[in-house]
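Colleague: Need a 3D model of the following:
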Amino acid sequence: MNDQQSPPSKVIQIVASALAVGIAIWLGVWFTGNHSPHASHESHMPAYWYIGIIPFIGILGAIAILPLLKSTEAWWECNSNRFFVAMVCSAATIAYMVITSGQEAIGPMLDHAIMQDYIPFIVLLFALYVISGGIHLGGDLIATPKTNTAFLAIGALMASFVGTTGASMLLIRPLLKTNSQRKHVVHTVIMFIFLVSNIGGTLLPIGDPPLFLGYLRGVPFLWTLELWPMWATTCAILLVVYFIWDSMQWAKETERSHKKDIRERVPLHIQGWSNFLFIGGIVAAAAFIDPNKPFIGTDWHPFPFMRELVMLFFVFLSLQTTKKAIRAANNFSYHAIAEVAALFSGIFIAMQVPLAILKASGETITATMNQPWQFFWATGSLSSFLDNAPTYVVFFKLSQSLPEGELMQVNDGAVPILLLIAISLGSVFMGSMTYIGNAPNFMVKAIAEQEGIKMPSFFGYMFKYSIPILVPIFILITILFLL
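Modeller: Below you'll find the predicted structure:
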C-alpha cells in the first residue's frame, strides 16, 4: 500500500487539511472557552487571546500541508527547514505574548515551555532513542500474519516497562526487516504506532509521558496497573483486527515474494546486550530522580536537571561501549529524533496560548463537563493535537475542582479516581490519533520512510486509518468502562 495520490485527490486533501486544522483547533478552543450560565466571567481569557492560537494552527498546518505540495515537499524534508518553521511560529507566539501580556510574561512562559517541559521531554526521548539504537535485534523471520501479530503483541506489553519510545525504537527496525520482502507494509506500521507507540504504554508511569507527569504529581507508581482491563480490551481488539487485515494483505502478495521471504529467513539474534542495562538506568532515573522530591530514604533533593544529566551519562556509556557495526546494522541515524526535536521545539512554545485558554476556562469547562466519558473524549481529542503530556496536566488540574466520588490524595489536593482513569486513558490512547499526539509516532514514521515505505500524510493517517479504526474501539471502551 503505497498511499500514492493523483493530482486531483492531492489538491482535495490539501484543502481538507488546511480547513480541518483550522476548524478543529478553533472549535476545540472556542468550545472550552464558550460561556456557560453557571460559569463566572473571570474564568475567561479576553476575546483577543483567541488570535494567539494562530501560530499553533500555523505549525500544525505546516506539518499537514507542506509535505503534500510539490513545491515544498523536498524543502520540508530538511530538518533545518522544519526548525525554521518551528521558530517562526514560536517567535510569533512570543511577540503576541509581549503585546498582550507584557515582557514580564515571557520569562515564566519560556521557563514552563522549554525548561520544565521541552528539555526533560526531549532528553528522555533522545536517551531512549540512542540507547535502543545500540540494540540490534537481527534476523529475518517469515512475515506471516502470525509473526507480525506476535511482534505487535510483544511490543504492546513491552511498552509499559521500557516506555513507548524504547519499545518503538527497539522493535520497528526488525519488524520492517521481517516485512522487507512484502509490498503491503503501511498497515503494519500504522498498527505498530497504535499499539506499541501509544496504547501499549498504559500500565506504568514510565510507559508514556502523561502518566509519568501524573506520577510526579503524586499518583502512586503502581496505580496505573489498575488500567489493565481497558488496556487488555483495546489491545486484544486491535490485534484481532490486525491479524484479519494482515491475512487479507498477505493473500495479495505474489508467490515470488512469498518464496523470497522463505528463502531469506534468518533466525532472530540480539547484539548490544549492555544497552538493556542502560535502558534500565534511564527508567530508574525517570522514576526516582525528581528535584521536587527528596531522594529515596534521604532528605536530599536532587539538583535541577540532575535526572537529565544522568540520562545523558547513560547515552555516553552506550555510545562508548556499543560497536559501531551494531548501529550500522540498524541503519541508525539521528534524523528521526532531530525531526521530533525540531518540530516539538515550536509546538511546545506555540501551544502555550491554547493551553492558557483551557486553564483560564476551567470553571466554564467543569460546569458542563463532569462525567468520566466527557473527560476521556475531551482529554483524548486535544491530546491528538496538543501533545498528550501537557494536555494530561491541564485536565488533571481541572478534575481537582470536582471533588466528587472516590478521591485520590495527590501532592496538591485530591483528584476523583474515575476522572483520573478517564484522563489517563484519553491522553495515552488518543495520542495515537495523529502523528503529533505522541513523539514516538513521528520517529516511527521517519524510520519507516527511511526504509522506503511511503507513509500517509498527516491527514491521510487520520482519515484513512486512525479515525475509522480507533474511534469505534474508543466508543466501545466508553460504553464498557466509562459510563
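
Colleague: where do the strands sit along the stretch 51-200 of the chain?
Modeller: 136-140 (DSSP state E, counting those that start in this stretch).

Colleague: what's the answer for the stretch 201-350 of the chain, then?
Modeller: Going by DSSP E, counting those that start in this stretch, the stretch 201-350 of the chain shows strands at 266-271.

Colleague: For the chain, give me the ranges with low pLDDT.
Modeller: Scanning the chain for pLDDT under 70 picks out the ranges 1-49, 261, 264, 359, 361-363, 365-367, 386-387.

Colleague: Could you pull out the buried residues of the longest helix anywhere in it?
Modeller: The helix that spans the most residues within the chain, counting by DSSP state H, is helix 145-178. Judged by neighbour count using 16 or more other Cβ atoms under 10 Å, the buried positions of helix 145-178 are 145, 148-149, 151-153, 155-178. From N, CA and C alone the C-beta is placed, and that goes for glycine too.

Colleague: residues of stretch 112-120 that come out buried?
Modeller: For stretch 112-120, a neighbour-count test (16+ other Cβ under 10 Å) marks His112, Ala113, Ile114, Asp117, Tyr118, Pro120 as buried.

Colleague: ditto for stretch 331-346
Modeller: Neighbour-count burial for stretch 331-346 [16+ other Cβ under 10 Å]: Phe332, Ala336, Ile337, Ala338, Glu339, Val340, Ala341, Ala342, Leu343, Phe344, Ser345, Gly346.

Colleague: nearest spatial neighbour of the second one, skipping sequence neighbours?
Modeller: Distance criterion Cβ to Cβ, 6 or more residues apart in numbering; nearest residue to Ala336, sequence neighbours excluded, is Ala446 at 3.7 Å.

Colleague: can you tell me the helix or strand for the one you found?
Modeller: For Ala446, the host element (DSSP states H and E) is helix 439-450.

Colleague: can I get the CA coordinates of that helix in PDB?
Modeller: Only the C-alpha atoms of helix 439-450 are listed here, as PDB (Å, rounded to 0.1, in the frame of the first residue of the first chain):
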ATOM      1  CA  ALA A 439       6.600  11.800  20.000                       C
ATOM      2  CA  PRO A 440       7.300   8.100  19.100                       C
ATOM      3  CA  ASN A 441       4.700   8.400  16.300                       C
ATOM      4  CA  PHE A 442       6.900  10.800  14.400                       C
ATOM      5  CA  MET A 443      10.000   8.700  14.900                       C
ATOM      6  CA  VAL A 444       8.400   5.500  13.700                       C
ATOM      7  CA  LYS A 445       7.100   7.400  10.600                       C
ATOM      8  CA  ALA A 446      10.500   8.800   9.900                       C
ATOM      9  CA  ILE A 447      12.200   5.400  10.300                       C
ATOM     10  CA  ALA A 448       9.700   3.700   8.000                       C
ATOM     11  CA  GLU A 449      10.200   6.400   5.400                       C
ATOM     12  CA  GLN A 450      14.000   5.900   5.600                       C
END
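
Colleague: export the very next helix or strand once past it as CSV, just CAs?
Modeller: Downstream of helix 439-450, the first helix or strand assigned by DSSP H and E is helix 458-461. Only the C-alpha atoms of helix 458-461 are listed here, as CSV (Å, rounded to 0.1, in the frame of the first residue of the first chain):
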residue,chain,number,x,y,z
PHE,A,458,-0.8,13.9,8.3
PHE,A,459,-4.5,13.8,7.5
GLY,A,460,-4.2,10.7,5.3
TYR,A,461,-3.1,9.0,8.6
